[in-house]
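pasted the sequence and its predicted model underneath.
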Amino acid sequence: MKIWFVHQNFPGQYKHVAQHFARSGEHEVVTIGEATRLEIPGAKQFTYKKPNGAGEKTHPYIRGLEAAVRRGQESARLALKLKNDGLEPDIVCSHPGWGDTLYYKEIFPDAKFLSYFEFYYRNRGSDVGFDPEYSKIELDDLARVRTKNSVNLLTLEMADWGMSPTKWQHAQFPEEYKSRISVIHDGIDTHYVKPDPHATITLGRDKRTLTADDEVITYVSRNLEPYRGFHIYMRALPELMRRRPNARFLMIGGDEVSYGRSLPKGQTYRQKMLAEVGADLDMDRIHFLGRVPYEHFLNVLQISSAHVYLTYPFVLSWSFLEAMAAGCHIVAANTPPVAEVIRHGENGLLFDFFSPEDLTESVCAALDDQERAKSLRENARRFIVDKYDLRSQCLPQQIALIEDVMQGRLPVL
């Protein structure tokens, strides 16, 4: 089988499944992206030229589409060259979000296409309009969001089959396409991501080393922004710090914006929230760690006394499921993506996203009952091992799906 894995920033979601097929020695594996962050022995790996973005005069609604078209053209140029060199796929596995494979069907009409459908944008019922503070709905926003699905819809029409990582994300897609999208998560390597009672973190600012014996409250996001509830968490900190005088607060995340609107140039949400509540905080006990190496991220989870997670109704974070696999005591906002994996009082605690007071009460409840905490930690990890483990659950399902699509068999939903 000749399998191509295409992702704008390879490997993305294809790290493990691409390695599996390349390692077998029975398949021709090709990887394509603008950049490649992982070398895979046995695979043929290629990158295309970074495309230009949308033009300055392009209508705001279609800037994303124009950028995807330009990327699709660059990727198609590379695909044509590879075809002329004798490389041609039997099946293409791709993330369509950036437009990489928009024109592959025209180049490889006989290939099968399995697309990773991560999120379908809706102007009601998910992230848009969820938080009135940062997501006011006007007609212009509704029109922009509707247009934003252009690449999604072009790919849905083209794909032989699709894959979506969670039931809630799958549910966002139009009804007429859901029956051709399997729900399979990327998978969590629970052999690597696991509890470690001996884990430590040494803080750079004061050189203090923290262990699981310390009271450590953790928060993780790729970037510190409203989509992941950073503003709600910061508003809870003054009272939470008052009630937990010995606690340390570790926050992982950058100051850019991954999702949603950016602030005016030069401003960050961290600056904004510190201006709002900073005077009421003990800054000696708050540690903004920025973006850290993966091993340090795991150590932070492993020493955590309570791990706080918030998200709009949006894509569920890998880091959240990894926190569960690491045996964290989860305190999470009760939004639909979270409720798919957290059962209140069984494997974590849920609170109202918009209530800093509820967040504070939930964290204090988690810290005050250590006997219950032990049970919830164990249940959180067990849930991930049973449902999301890479080797025993998700990777075998991904492999079977690729083989089914390739052979023209109807996959099991």
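Sure thing, it's come through.

for the nearest residue to Arg77 once chain neighbours are set aside, give me the pLDDT.
The spatial neighbour of Arg77 that comes closest, neighbours along the chain excluded (CB to CB, 6 or more residues apart in numbering), is Tyr48 at 6.9 Å. Every C-beta, even on glycine, is put in place using the N, C-alpha and C of the backbone. Looking at Tyr48, its pLDDT stands at 98.

count of residues packed around Tyr48?
For Tyr48, the count of nearby residues is 21 (other CB atoms under 10 Å).

Val92 versus that one, what's the distance?
14 Å (CB to CB, to the nearest Å).

all the helices of the stretch 251-400 of the chain, residue numbers only.
269-277, 294-302, 318-325, 336-339, 356-368, 370-388, 395-407 (DSSP state H, counting those that start in this stretch).

now tabulate those in CSV and tack on mean neighbour count, mean pLDDT and distance to His198.
Shown next, in CSV, are the helices of the stretch 251-400 of the chain (neighbours: other CB atoms under 10 Å; pLDDT from 0 to 100; distance: least, CB to CB, whole Å):
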stretch, mean neighbour count, mean pLDDT, distance to His198
helix 269-277, 16, 98, 32
helix 294-302, 19, 98, 9
helix 318-325, 24, 98, 17
helix 336-339, 20, 98, 30
helix 356-368, 19, 98, 21
helix 370-388, 17, 97, 16
helix 395-407, 18, 97, 29
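
what's the closest of these to Glu26?
Across the helices of the stretch 251-400 of the chain, Glu26 has its closest neighbour in helix 395-407 (11.7 Å, CB to CB).

which elements pack onto the closest one?
helix 15-24, strand 91-94, strand 112-116, strand 161-164 (3 or more CB pairs under 8 Å, 6 or more residues apart in numbering; DSSP states H and E).

what bridges to Phe46?
Ile32 (DSSP bridges).

quick check: Gln73 touching Asn52?
No: here Gln73 does not reach Asn52: they are 9.9 Å apart, not a contact under CB atoms under 8 Å.

who's more crowded, those two?
Using other CB under 10 Å as the criterion, Gln73 and Asn52 rank with Gln73 on top: 16 against 12.

just want the most central residue of the chain.
In the chain, the residue lying closest to the centroid (CA atoms, centre = their mean) is Ser317, at 3.9 Å.

which ones are touching that one?
Val220, Ser221, Arg222, Arg228, Tyr309, Thr311 (CB atoms under 8 Å, 6 or more residues apart in numbering).

how close does it get to Leu65?
27 Å.

export the helices and strands packed on helix 395-407 to CSV and append columns for distance to Arg409 and mean neighbour count.
Converted to CSV, the helices and strands packed on helix 395-407 look like this (distance: least, CB to CB, whole Å; neighbours: other CB atoms under 10 Å):
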stretch, distance to Arg409, mean neighbour count
helix 15-24, 18, 19
strand 91-94, 13, 26
strand 112-116, 11, 23
strand 161-164, 10, 23
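
can you check which of the ones you listed gets nearest to Lys44?
Of all those, helix 15-24 comes closest under CB to CB, at 9.2 Å.

centre of the chain versus the closest one, how much separation?
A distance of 21 Å separates the centroid of the chain from that of helix 15-24, by CA atoms, centre = their mean, to the nearest Å.

so Thr166 is in contact with Leu316, correct?
Yes: under the criterion of CB under 8 Å, Thr166 makes contact with Leu316 at 5.5 Å.

could you dump stretch 182-198 to CSV, C-alpha only?
Extracted C-alpha coordinates of stretch 182-198, given in CSV (Å, rounded to 0.1, in the frame of the first residue of the first chain):
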residue,chain,number,x,y,z
SER,A,182,-15.6,7.8,12.2
VAL,A,183,-14.9,9.0,15.8
ILE,A,184,-11.3,8.0,16.6
HIS,A,185,-9.0,10.0,18.8
ASP,A,186,-5.4,10.6,18.0
GLY,A,187,-4.5,8.6,21.2
ILE,A,188,-2.6,9.2,24.4
ASP,A,189,0.6,7.3,25.1
THR,A,190,-0.3,6.2,28.6
HIS,A,191,2.9,4.1,28.9
TYR,A,192,4.8,7.4,28.7
VAL,A,193,2.3,9.8,30.2
LYS,A,194,1.7,8.4,33.7
PRO,A,195,1.9,9.3,37.4
ASP,A,196,5.3,9.7,38.9
PRO,A,197,5.5,10.2,42.7
HIS,A,198,9.1,11.2,42.4
